[in-house]
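J.: need a 3D model of the following:
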Amino acid sequence: MGRKYYKFIIVILVAVILLLFADYNNHLLFHFSVEIFTIFIGLMMFLIAVNSKEYSNKAILLPLGIVYLYIGVLDFLHMLSFEGMGIIPTSTNLSAQYWMFARLLESAGIVFVLFIFIKGIRIKQYISHSIIVLYVLISFLLIQSDLLPKFYIEGNGQTSIKLISTFVIIVFFLVALVIIRFTNMNKQNRSLFMFVILLKIVSEVALSQYITVYSFASTIGHICKFLSYSGLYILFISEVINSPYAKLFSVFKTREEELLELAEKDSLTKIYNHSTTFSKTEIMIEKFKNESEIAIILIDIDDFKIVNDTHGHLIGDEVLFEFAQMLLTCNIEGKVIGRYGGDEFVIAVPIISKEELDRIFVFMQNKMIELNKKLNVEFTFSAGVAFYHDGDKTKDLIYKADIKMYEAKRKGKNCYVVW
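T.: Coordinates of the predicted model:
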């Protein structure tokens, strides 16, 4: 847990101490405090999610917030019907039934929300509300009409149907633990969510052991419930407050990268533009000048005007793009490839020997033949080559390569000449 949560943790620990003190003196006050807190947190989770739709709608928060809104309704009924409250005619059995229906909604709801989250499924809010409201209404009617079997019997404790329901709830929580591992939450929030689920499992196990509502097992179960809701609140705060900043930073980072690419790349061919080619070549020369020969190759597509006039400028643009992509396939470490202007391209490469230069041109001419067939356009290229010598600048090498490129054209084109 990061340092930013220390204040939350300190407050939670103090609250636990106060709750234990309340339980020692008055269990009814203890129970009331825990239930009010969890109902309030459930409501806050819903409000946080609804008021941050821009972020929560794309994540797990909004559907989870809706689920916890209605869990709060069932927990409120559980609190009102708790033994000793005296607010509505009730029994410990009814209170246990409301608790069980709330936990079934919670465990199954978490599994369902996690499932649709990792699958990228969107469910409209009104559908979620309608389904859960129907569940709450059916639960209320079944409990109040006394149609359900007993969940708790005074003097005997919990019945088999209550224990079976607890087992089902724990299975749902265990499934949730597995699914959480496949979410794209950050590692810290994923670990926190798993810890919350573990607390809920411990709570259910503890509450399945009590004989009377005033037992130690009941206290442990409610403390774990309190801690699990505290963890959920921290998770919501983290996802809603921190994630937008992270997403905003990511957007700025993406825009920065896009702007850098626009500044460096030629818009048509998607390789380095004129100015970037010069700067990258200077860097490459400094890096390799003491390790290998460096060749600057200036390439010009032969009679490119004829290609445009014969096939149209759209096909001409396609030829330029595909030719640039062809140059990128030259598998040489440290190469710099850019568009010099028009139908001229620059390749700056560190090579071991002049013999390797022949291999490069054979490779490019073979690729050019494949490209002719692909585009159904006949064209060749001529090139001039200048090798780096101490003191040479990129502009000097381009100048020399340019002279030799025109010499290659005078020799009949479709060849290269070395300075």
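
J.: per-residue confidence for Asn57?
T.: The model reports Asn57 with a pLDDT of 45.

J.: cool, Met1 as well?
T.: For Met1, pLDDT reads 48.

J.: same check, this time on Ile36
T.: Predicted confidence (pLDDT) for Ile36: 92.

J.: just give the number of residues close to it.
T.: 13 (other C-beta atoms under 10 Å). No exception for glycine: its C-beta is placed from N, CA and C like everyone else's.

J.: same deal with Leu328?
T.: Residues near Leu328, counting by other C-beta under 10 Å: 13.

J.: how far away is the nearest residue to it once chain neighbours are set aside from Lys373?
T.: Nearest residue to Leu328 in three dimensions, chain neighbours excluded: Ile337, at 5.9 Å (C-beta to C-beta, 6 or more residues apart in numbering). Distance, Ile337 to Lys373, using C-beta to C-beta, to the nearest Å: 23 Å.

J.: one more: Phe76?
T.: On the measure of C-beta to C-beta, Phe76 and Lys373 end up 75 Å apart.

J.: before we move on, what about Leu74?
T.: Applying C-beta to C-beta to Leu74 and Lys373 gives a distance of 71 Å.

J.: the two: which has the busier surroundings?
T.: Leu74 (26 against 9).

J.: for the more buried one, which non-adjacent residue is closest in space?
T.: Per C-beta to C-beta, 6+ apart, closest to Leu74 is Ala102, 3.7 Å.

J.: tell me which element the one you found is part of?
T.: Per DSSP states H and E, Ala102 falls inside helix 92-119.

J.: for the helix or strand that that helix is followed by, buried residues please.
T.: Per DSSP H and E, the first helix or strand lying C-terminal to helix 92-119 is helix 125-144. For helix 125-144, burial by neighbour count (16 or more other C-beta atoms under 10 Å) applies to 128, 132, 135-136, 139, 143-144.

J.: looking at this protein, which helix or strand is least sure?
T.: Lowest by mean pLDDT, DSSP states H and E among the helices and strands of the chain is helix 53-56, with a mean of 52.

J.: counting by contacts, list what the helix or strand following that helix packs against.
T.: Later in the chain than helix 53-56, the nearest helix or strand by DSSP H and E is helix 61-80. On a contact count with 3 or more C-beta pairs under 8 Å, 6 or more residues apart in numbering; DSSP states H and E, helix 61-80 meets helix 27-50, helix 53-56, helix 92-119, helix 125-144, helix 216-237.

J.: dump those helices to a markdown table, plus distance to Ile306.
T.: Below are these laid out as a markdown table (distance: least, C-beta to C-beta, whole Å):
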| stretch | distance to Ile306 |
| --- | --- |
| helix 27-50 | 64 |
| helix 53-56 | 55 |
| helix 92-119 | 55 |
| helix 125-144 | 62 |
| helix 216-237 | 66 |
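
J.: what's the closest of the ones you listed to Val202?
T.: helix 216-237 (4.8 Å; C-beta to C-beta).

J.: name the surrounding residues that touch the closest one.
T.: 5, 8, 12, 15-16, 19-20, 23, 27, 30-31, 34, 37-38, 41-42, 44-45, 48-49, 61, 65, 68, 189, 192-193, 195-197, 199-200, 202-204, 206-207, 209-210, 212 (C-beta atoms under 8 Å, 6 or more residues apart in numbering).

J.: rerun at 6 Å
T.: 5, 8, 12, 23, 34, 38, 41, 45, 48, 189, 192-193, 196, 199-200, 202-203, 206-207, 209-210 (C-beta atoms under 6 Å, 6 or more residues apart in numbering).

J.: just checking, which of those residues belong to helices?
T.: 8, 12, 23, 34, 38, 41, 45, 48, 189, 192-193, 196, 199-200, 202-203, 206-207 (DSSP state H).

J.: before we move on, what SS does Asp300 have?
T.: Secondary structure assignment for Asp300 (DSSP: H, G, I helix; E, B strand; the rest coil): strand.

J.: that one and Glu344 touch, don't they?
T.: Yes. Asp300 is in contact with Glu344 according to C-beta atoms under 6 Å; the separation is 4.9 Å.

J.: which parts of the protein belong to which domain?
T.: 3-256, 274-418 (automatic domain parsing).

J.: from Leu199, how far off is Phe216?
T.: 17 Å.

J.: those two: which is more packed in?
T.: Leu199 (21 against 11).

J.: so which of the helices and strands packed on helix 61-80 comes closest to Lys162?
T.: Comparing the helices and strands packed on helix 61-80 under C-beta to C-beta, the one sitting nearest is helix 92-119, at 6.3 Å.

J.: quick one, helices of the stretch 201-350 of the chain?
T.: Ranges of helices in the stretch 201-350 of the chain, per DSSP state H, counting those that start in this stretch, are 216-237, 243-264, 274-288, 304-311, 313-328.

J.: and the residue nearest the centre of the chain, helix, strand or coil?
T.: Nearest residue to the geometric centre of the chain (C-alpha atoms, centre = their mean): Asn184, 5.1 Å. Here Asn184 is coil, with the state taken from three-state DSSP.

J.: state the pLDDT value of it.
T.: Asn184 is given a pLDDT of 78.
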